[in-house]
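Trainee: Show me the folded form of this:
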Amino acid sequence: MYQYRLYPSRKQQERLYSTFNVCKEVYNELLELNINTYKSTKKGVSKFGFNKYLRGKHPEVFSQVLQNVSDRVDKAFKNFYRRCKENAKEKGFPRFKSQVHSITYPQSGFKFTNDKRLYCSKIGNIPIVLHRPPKGTVKTLTIKRNHACQWFAVFACEVEISKVKHTGGKVGVDVGLENYATLSDGTVIANPRNLLKSEHRLVRLQRSLSRKVKSSNNRKKARFKVARLHQRIEDQRSDFLHKLTRSLTRRYKTISIENLNVKGMVRNHCLSKHIHDASWARFAQMLSYKAVTCGGEVIGVNPRNTSRACNNCGHVMDMPLSKRQFKCPVCGLVCHRDLNAARNIEDRCGLHQISTPVDSRPPLPLGASPLVEAGTICDIATP
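Mentor: Reported below is the predicted structural model:
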């Protein structure tokens with residue numbers, strides 16, 4: 001996926017908004033048609049039946065954009081059939097849309113012009129910041145808008161991944177909140193805490209938004225400021241995760257992480273905000289797909305007792321979150337609890353059977369691990 005920033009003119013924005021509204025109406029119309037058909041016949045309408053139903057309608061929108069809407073409805077109903085087959089708790093019909101924030105050109109209807117613009121059928125030549133050309137074969141184009149009124153073009157490309165021989169080592173990674181990640185080799189990555197750094201300004205903007213009269217222009221301006229700040233926090237988080245995961249996958253061939261149940265962990269109302277800000281699930285997802293391009297692999301392990309079990313002798317002891325130092329009463333091991341967990345995560349993949357044995361490896365004292373400044377990857381970056 002290659003994403004580029006778009007700067008449409010006012011007329012082009014009006015055409016895009018009009019296309020979004022038409023796609024929303026078409027989606028709801030097809031969804032209602034499929035629901036009524038299913039209730040009467042217990043069978044749904046196929047994607048090709050949707051395309052035949054839409055033939056000749058809405059000439060102001062490119063035909064393949066409407067075909068993509070029918071494909072979205074078809075996928076939504078396939079998920080509905082899957083939930084019914086699995087007898088899931090929430091297996092209701094797909095919901096109607098109140099807004100649509102993206103349109104997709106599946107095969108054609110778009111091209112690059114000589115004056116660094118993106119031509120889209122029924123929209124026009126849109127200025128685009130083409131900071132790097134897309135590689136491979138372009139399959140689809142998606143034009144989307146976020147809540148901060150920023151426009152983007154996303155190209156889905158088919159690229160051949162060349163097999164790269166990775167020469168790096170092996171490591172275990174323990175994620176946390178005090179420090180974002182602790183590696184089994186002693187490296188500690190500080191938690192940037194992007195949300196907390198902007199929380200004071202966010203509180204003031206949201207307080208100002210709540211005082212505005214509903215449906216007024218001042219409320220729209222205040223809502224836009226809140227959305228811009230949220231988008232800035234998201235961009236900071238994405239930038240940090242991209243740099244961190246790229247550095248880890250380039251340095252280490254095999255990376256072991258915990259299979260955390262993040263959805264269950266955020267039920268703790270005291271830590272949910274900080275867990276969402278850390279984005280552990282997104283961190284694991286980025287590690288997985290970037291390791292493939294670097295010739296490495298990411299292995300998930302069972303997180304049970306990784307923080308409670310001694311990495312030296314295997315003794316299991318109670319370790320509340322307030323206890324940051326691990327002191328084993330059996331073998332006398334003393335180290336930070338996150339470092340002990342990272343070594344346990346690495347050992348559960350059998351990564352120490354060739355390298356230094358666990359018993360002969362000297363434990364690092366609390367606070368002796370090299371620290372990495374928040375937002376930098378200086379200790380783990382590759383030249």
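
Trainee: my guess is T140 contacts A156, does it?
Mentor: Yes: shown here, T140 and A156 form a contact pair, counting by Cβ atoms under 8 Å, at 4.5 Å. Using the backbone N, CA and C atoms, a C-beta is placed for each residue, glycine as well.

Trainee: Can you give the distance of the longest helix seen in the chain from its chain's centre?
Mentor: When secondary structure is assigned using DSSP state H, the longest helix within the chain turns out to be helix 217-251. Using Cα atoms, centre = their mean, to the nearest Å, the mean C-alpha position of helix 217-251 is found 12 Å from that of the whole chain.

Trainee: repeat for stretch 254-274
Mentor: So, by Cα atoms, centre = their mean, the centroid of stretch 254-274 is 15 Å from its chain's centroid.

Trainee: Give me the distance between the two termini of that stretch.
Mentor: 28 Å (Cα to Cα, to the nearest Å).

Trainee: circling back to that earlier point, quick one: mean pLDDT for the longest helix of the chain?
Mentor: Here helix 217-251 scores 95 as its mean pLDDT.

Trainee: now could you export just the CA positions of stretch 284-295 as CSV?
Mentor: The C-alpha coordinates for stretch 284-295 follow below in CSV (Å, rounded to 0.1, in the frame of the first residue of the first chain):
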residue,chain,number,x,y,z
ALA,A,284,2.9,-6.8,16.7
GLN,A,285,1.2,-6.4,13.3
MET,A,286,3.9,-4.1,12.0
LEU,A,287,6.6,-6.5,13.2
SER,A,288,5.0,-9.4,11.4
TYR,A,289,4.8,-7.9,7.9
LYS,A,290,8.1,-6.1,8.1
ALA,A,291,9.9,-9.2,9.2
VAL,A,292,8.8,-10.9,6.0
THR,A,293,10.4,-8.2,3.8
CYS,A,294,13.7,-8.4,5.8
GLY,A,295,13.9,-12.2,5.6
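
Trainee: Return the set of buried residues in it.
Mentor: Using 16 or more other Cβ atoms under 10 Å as the test for burial, stretch 284-295 gives 284, 286-288, 290-291, 294-295.

Trainee: Next: stretch 42-58.
Mentor: Counting neighbours by 16+ other Cβ under 10 Å, stretch 42-58 gives 44-45, 47, 49-51, 54, 58 as buried.

Trainee: Name the residues that touch it?
Mentor: For stretch 42-58, contacts defined as Cβ atoms under 8 Å, 6 or more residues apart in numbering pick out 22, 26, 30, 33-34, 37-38, 66-67, 70-71, 73-74, 77, 81.

Trainee: May I have the phi/psi pair for H58?
Mentor: Phi and psi for H58, reported as degrees, to the nearest 10, are phi 50, psi 70.

Trainee: What's the separation between it and Q67?
Mentor: H58 sits 12 Å away from Q67 when distances are taken as Cβ to Cβ, to the nearest Å.

Trainee: which SS class is T254?
Mentor: Assigned by DSSP: H, G, I helix; E, B strand; the rest coil, the conformation of T254 is strand.

Trainee: Just confirm L195 is within a strand.
Mentor: No: under three-state DSSP, L195 sits outside any strand and is assigned helix.

Trainee: out of everything not next to it in sequence, what's closest to it?
Mentor: Ranked by Cβ to Cβ, 6 or more residues apart in numbering and with sequence neighbours excluded, the top spatial neighbour of L195 is D277, at 4.2 Å.

Trainee: what does Q67 give?
Mentor: Leaving out its chain neighbours, the residue that sits closest to Q67 by Cβ to Cβ, 6+ apart is N51, at 5.5 Å.

Trainee: Look up how far K139 lies from that neighbour.
Mentor: Note on N51: its distance to K139, by Cβ to Cβ, is 19 Å.

Trainee: ok, then the element right after the host helix or strand of the residue nearest to Q67?
Mentor: Applying DSSP states H and E as the criterion places N51 in helix 47-54. Past helix 47-54, heading to the C-terminal end, the next element that is a helix or strand (DSSP H and E) is helix 63-86.

Trainee: Give me the outermost residue of this protein relative to its centroid.
Mentor: The centre of the chain is farthest from one residue, V330, which by Cα atoms, centre = their mean lies 42.1 Å away.

Trainee: wait, what's in contact with that residue?
Mentor: Here V330 is in contact with 310, 313, 315 (criterion: Cβ under 8 Å, 6+ apart).

Trainee: out of these, which is most surrounded?
Mentor: C310 (21 neighbours; other Cβ atoms under 10 Å).

Trainee: so how far is R337 from the nearest residue to that residue once chain neighbours are set aside?
Mentor: The shortest distance from C310 to any non-neighbouring residue, by Cβ to Cβ, 6+ apart, is to C328 (4.2 Å). Relative to R337, C328 is positioned 11 Å away (criterion: Cβ to Cβ).

Trainee: domains of this structure?
Mentor: Taking automatic domain parsing as the reference, the chain has its domains at 2-158, 169-372.

Trainee: which stretch in these is the model least sure about?
Mentor: domain 169-372 (a mean of 86).

Trainee: For that one, what is the distance to the chain centroid?
Mentor: Computed by Cα atoms, centre = their mean, the chain-centroid distance of domain 169-372 equals 15 Å.

Trainee: ok, and what's touching stretch 216-225?
Mentor: Outside stretch 216-225, the residues within contact range by Cβ under 8 Å, 6+ apart are 148-149, 205, 208-209, 212-213.

Trainee: wait, isn't Y2 in contact with F155?
Mentor: Yes: because the distance of 4.6 Å satisfies Cβ under 8 Å, Y2 is recorded as touching F155.

Trainee: So those two - more neighbours on which side?
Mentor: F155 (20 against 17).

Trainee: neighbours around S63, how many?
Mentor: So S63, with other Cβ under 10 Å, has 17 neighbours.

Trainee: Before I go, just wanted to say thanks for your time.
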